[in-house]
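[1] Quick one, structure for this:
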Amino acid sequence: MDNDHTPARRIDRGELYWVAPDGTRGSVPGYPHPHLVVQDDLFNHSRIDTVIVCALTTNLRRASEPGCVPLEPGEGGLEKRSVVLPAQISAIPKARLGARIGRLSGERVDQVLAGLRFLQASHFRGR
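    This is a model prediction of the structure:
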């Protein structure tokens, strides 16, 4: 039996976490930034070691992009006005989740999920 194993923390849809970049940069900033857990809790609470998240930004110009959801200071423990970016969705190892920031309201999570559905539908429209 592995005595060094620490129990995995509980991760729930709607929670915000700091996520550090993984070194592959791309279009991701080179510093930690908040991400929203959008994966269903059925998977979050399973043995699957990845989690699906959406990135956030404080670049408020991004709020006008399709599917994006603006957030006010204090929502989910955020200190600054921010924007959830459904187009920047990623599957990452749960181990990459840093400190928990807080949790968004169910209404806000529903808005983000609607943004994801919109992006998915628009991607496959006409195919």
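[2] mind listing what's buried in the helix-or-strand element of the chain with minimal mean pLDDT?
    Ranked by mean pLDDT, DSSP states H and E, the weakest helix or strand in the chain is helix 106-124, scoring a mean of 94. Using 16 or more other CB atoms under 10 Å as the test for burial, helix 106-124 gives 108, 109, 111, 112, 113, 115, 116, 119. Any C-beta I mention is one placed from the backbone N, CA and C, and that applies to glycine too.
[3] I'd like to know how far residue 108 sits from residue 90.
    In this view, residue 108 and residue 90 are 19 Å apart by CB to CB, to the nearest Å.
[4] Does the least confident helix or strand of the chain pack against any helices or strands, and if so which?
    Packing partners of helix 106-124 (3 or more CB pairs under 8 Å, 6 or more residues apart in numbering; DSSP states H and E): strand 69-71, strand 82-93.
[5] List the residue ranges of this structure that fall below the pLDDT cut-off.
    By pLDDT under 70, the low-scoring segments of the chain are 1-8, 23-29, 126-127.
[6] redo that, cut-off 80
    In the predicted model, the chain carries pLDDT under 80 at residues 1-8, 22-30, 125-127.
[7] Grab the most central residue of it for me.
    residue 36 (2.4 Å; CA atoms, centre = their mean).
[8] for that residue, helix, strand, or coil?
    Following DSSP: H, G, I helix; E, B strand; the rest coil, residue 36 is assigned to strand.
[9] Excluding chain neighbours, what is closest to it?
    residue 54 (4.9 Å; CB to CB, 6 or more residues apart in numbering).
[10] ok, now which ones touch residue 87?
    Contacts for residue 87 (CB atoms under 8 Å, 6 or more residues apart in numbering) come out as 65, 66, 67, 68, 119.
[11] and it, how far is that from residue 10?
    For residue 87, the distance to residue 10 - CB to CB - is 28 Å.
[12] just residue 76 next, same as before
    Counting by CB to CB, the gap from residue 76 to residue 10 is 17 Å.
[13] tally of neighbours for the closest residue to residue 41 other than its chain neighbours?
    In this structure, residue 41 finds its nearest non-sequential neighbour in residue 13, 5.3 Å apart by CB to CB, 6+ apart. Residues near residue 13, counting by other CB atoms under 10 Å, number 21.
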